[in-house]
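A.B. asks: sequence unavailable; structure follows:
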């Protein structure tokens, strides 16, 4: 685990991608969400490890991808922000199979003790080819994550509903020594 690794999670459609794009523009390192990468690959290949087809297979792949992302991130300098990541994948696996997230994660934290969660923001929520679930499903997922992160030893910091620049300032300010 590295304190340089920061999880950005929360409600689908809550503005995480915009925040991460702003952090990238400011020179921060970003690791793209495993789920979206898997969905793109599965759709292109006609595969079935999709959350709306085989949630367990999708979640297992997400865990694998997130673990590989963590290993690769060791070589990156400075702050490394993860769009979702291993915690979200382990929670998805627990939801799909009943396998406890803590068991999947093992001992210790994988990210900085502070995890940033985007709260529900219905005014900006949109569906797309990779996000087929509706806002109600996003709320259920958010509630699960809001409980899971603290249960797994993380301090949850809710992102403000603010401009993208203000959100980035907020995150970087919270991480400043």
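C.D. replies: Cool, the structure landed. Quick caveat, the model's predicted, so the values are computed rather than measured. Residues are numbered from 1 along each chain as shown.
A.B. asks: now stretch 155-164: buried residues?
C.D. replies: The neighbour-count check on stretch 155-164 (16 or more other CB atoms under 10 Å) flags 156, 159, 164 as buried. C-beta: built from backbone N, CA, C; applies to glycine.
A.B. asks: need the contact list for the second one.
C.D. replies: So that's residue 159. Residues in contact with residue 159 (CB atoms under 8 Å, 6 or more residues apart in numbering) are 10, 14, 15, 19, 116, 117, 118, 119, 167, 170, 171.
A.B. asks: 6 Å instead?
C.D. replies: Residues in contact with residue 159 (CB atoms under 6 Å, 6 or more residues apart in numbering) are 116, 118, 167.
A.B. asks: quick one: the buried residues of stretch 155-164 as TSV, columns for secondary structure, distance to residue 87 and pLDDT too.
C.D. replies: Compiled in TSV, the buried residues of stretch 155-164 are given as follows (DSSP: H, G, I helix; E, B strand; the rest coil; distance: CB to CB, whole Å; pLDDT from 0 to 100):
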residue	secondary structure	distance to residue 87	pLDDT
156	strand	11	97
159	coil	16	94
164	helix	23	93
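A.B. asks: inside strands: which ones of the contacts of residue 159?
C.D. replies: Here DSSP state E is the test, and those give 116, 118 as lying in strands.
A.B. asks: ok, so of the contacts of residue 159, who is nearest residue 49?
C.D. replies: Comparing the contacts of residue 159 against residue 49 with CB to CB places residue 118 closest, at 25.1 Å.
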